[in-house]
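> Provided below for reference: sequence and predicted model.
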Amino acid sequence: MVLADSIYSESSKYIRKSTKHVEWSKPGDSIYANVKYIDDCNWILTYDPRLNELDEIEQLINASGGMHLETIEIRRDTLFYNGILKNDTLTFVQPGSILKLK
């Protein structure tokens, strides 16, 4: 699958199996995350600190309880979502899309 959002114009690819998510934008540049499904259209993504050296944004996401991804619409092979980061001092919404590759 291909993932893109409003902040990162360059897309990345990812594979998700059960509750594990591996994402990369170029070979050898992998990001490992954990997925907790709320329901069929919503999930929470947190970064795995055992497998990644977390940058400041990834640390903030984990400290805030994860990035809540909320499905907005599905058209053909594309899922449109809002990534929502919320904590005591911040609410940030980041739209994006996921394209399923065959």
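Done, it's in.
> roughly how far does E58 sit from L99?
23 Å (Cβ to Cβ, to the nearest Å). Glycine gets a C-beta too; all of them are placed from N, C-alpha and C.
> and the residue nearest the centre of the protein?
Centroid-nearest residue in the chain: L45, 5.7 Å away (criterion: Cα atoms, centre = their mean).
> that residue pairs with what?
Taking DSSP bridges as the rule, L45 bridges to V35, M67.
> which of E58 and L99 has more residues huddled nearby?
Per other Cβ atoms under 10 Å, whichever of E58 and L99 has more neighbours is E58, with 18 against 14.
> pretty sure the residue nearest to the centre of the chain is touching E70, no?
No: taking contacts as Cβ atoms under 8 Å, L45 lies outside contact range of E70: 11.6 Å.
> contacts only, for the residue nearest to the centre of the chain.
Contact partners of L45, counting by Cβ atoms under 8 Å, 6 or more residues apart in numbering, are 21, 33-35, 61, 66-67, 69.
> and what of L69?
So, once contact is read as Cβ under 8 Å, 6+ apart, L69 ends up touching 42-45, 81-84.
> try C41
70-71.
> please tell me how far it sits from N82.
Noted for C41: a distance of 11 Å to N82, by Cβ to Cβ.
> the nearest residue to Y47 once chain neighbours are set aside sits in which helix or strand?
Nearest in space to Y47, with sequence neighbours left out and distances taken as Cβ to Cβ, 6 or more residues apart in numbering, is E58 at 4.4 Å. Taking DSSP states H and E as the criterion, the element that holds E58 is helix 56-63.
> what residues does that helix touch?
If you take Cβ under 8 Å, 6+ apart as the criterion, helix 56-63 is touched by 31, 45-47, 49, 52, 54, 67, 85, 87.
> just the ones in helices from those, please.
Judged by DSSP state H, helices contain none of those.
> tabulate the residues you listed (a markdown table), appending distance to Q94 and pLDDT.
As requested, the contacts of helix 56-63 are exported to a markdown table (distance: Cβ to Cβ, whole Å; pLDDT from 0 to 100):
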| residue | distance to Q94 | pLDDT |
| --- | --- | --- |
| I31 | 16 | 80 |
| L45 | 12 | 91 |
| T46 | 16 | 93 |
| Y47 | 15 | 92 |
| P49 | 21 | 93 |
| N52 | 19 | 87 |
| L54 | 18 | 91 |
| M67 | 8 | 94 |
| L85 | 7 | 95 |
| N87 | 15 | 92 |
